[in-house]
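Q: This is a predicted model, with the sequence first.
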Amino acid sequence: MGKILIIEDEAKISRFLELELTYEGYEVMTAADGRTGLNLALSNEIDLIILDLMLPVMSGIEVCRRIRQVDQNMAIIMLTAKDDVSDKVMGLDMGANDYMTKPFAIEELLARIRVALKREKTEEVRDNGNIYTFGDLVLDDMKRQVSYKKEIISLTKKEYELLKYLISNKNIALEREKILERVWGYDYYGDTNVIDVYVRYLRSKIDQKYNIEMIRTVRGVGYIIYD
């Protein structure tokens with residue numbers, strides 16, 4: 001049916017939603033603060049997020065904004081205890097698909113989830129129907145699959161997203177900061193050479209394995225894939 005991430009700091013509400021959604025057949029993950037929720041959203045194949053507006057560590061608005069930097073199609077339904085028009089407008093402006101005020105009827109939320117997932121599936125088919133190529137290398141975004149001379153290349157989610165971003169911007173020198181923002185989607189609080197590490201992973205799996213020169217370093221800038 002789909003995987004749903006609940007980002008909600010009120011334990012009773014989170015547990016109630018988890019039980020109801022699990023009963024309905026959804027696979028459910030939970031997070032009690034914005035930072036944890038964001039990390040889960042960006043590191044897992046999530047179909048829909050139920051996102052509380054008022055969260056510790058990072059607000060729901062900021063979580064939504066950062067998710068939308070890297071994923072325009074993920075369905076997001078915002079929850080809040082505030083019945084304020086400005087909050088609703090802000091949430092929708094940041095990219096939320098829908099908005100519900102607590103308390104709410106679970107039947108209504110389930111109906112909105114079904115609508116949001118149907119819309120998300122339609123958008124995914126329309127936006128991901130692209131094939132990118134580099135010589136004999138093919139990235140099929142409909143299947144989320146990469147192959148070289150029809151041999152499937154196994155990539156992690158982040159390796160795939162990095163390759164897609166580079167290959168969809170062929171002949172453009174991409175700065176490390178821009179790559180970090182678009183692929184990771186939030187301020188990375190780890191080693192600053194994370195992009196270089198993932199480029200090495202891709203080169204090991206593609207360039208070195210098939211003896212091609214695909215990803216090139218632009219000194220002082222970042223990386224580029226030439227036609």
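A: Great, that's in hand.
Q: domains of the chain?
A: 3-127, 131-225 (automatic domain parsing).
Q: Just give me the neighbour total for Asn130.
A: Here the count is done by other CB atoms under 10 Å, and Asn130 has 11 residues near it. Every C-beta, even on glycine, is put in place using the N, C-alpha and C of the backbone.
Q: Look up how far Met142 lies from it.
A: Per CB to CB, to the nearest Å, Asn130 is found 7 Å from Met142.
Q: following the worst-scoring helix or strand of the chain on mean pLDDT, which helix or strand comes up?
A: Ranked by mean pLDDT, DSSP states H and E, the weakest helix or strand in the chain is helix 85-93, scoring a mean of 69. Once the chain leaves helix 85-93, the next helix or strand it forms, by DSSP states H and E, is strand 98-101.
Q: Give me the contacts around that following strand.
A: Contacts with strand 98-101, where a contact means CB atoms under 8 Å, 6 or more residues apart in numbering, come from 76-83, 88, 91-92, 108-109, 112, 115-116.
Q: Show only the entries of those residues found in helices.
A: Among the contacts of strand 98-101, DSSP state H puts 88, 91-92, 108-109, 112, 115-116 in helices.
Q: Please produce JSON lines containing those, extended by neighbour count and distance to Asn169.
A: Below are the ones in helices among the contacts of strand 98-101 laid out as JSON lines (neighbours: other CB atoms under 10 Å; distance: CB to CB, whole Å):
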{"residue": "Lys88", "neighbour count": "18", "distance to Asn169": "35"}
{"residue": "Gly91", "neighbour count": "23", "distance to Asn169": "30"}
{"residue": "Leu92", "neighbour count": "15", "distance to Asn169": "29"}
{"residue": "Glu108", "neighbour count": "10", "distance to Asn169": "42"}
{"residue": "Leu109", "neighbour count": "18", "distance to Asn169": "39"}
{"residue": "Arg112", "neighbour count": "19", "distance to Asn169": "35"}
{"residue": "Val115", "neighbour count": "14", "distance to Asn169": "33"}
{"residue": "Ala116", "neighbour count": "22", "distance to Asn169": "30"}
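Q: Which of these sits closest to Ile6?
A: Taking CB to CB as the measure, Ile6 sits nearest to Leu109 out of the ones in helices among the contacts of strand 98-101, at 11.0 Å.
Q: Excluding chain neighbours, what is closest to the closest one?
A: Distance criterion CB to CB, 6 or more residues apart in numbering; nearest residue to Leu109, sequence neighbours excluded, is Met100 at 6.2 Å.
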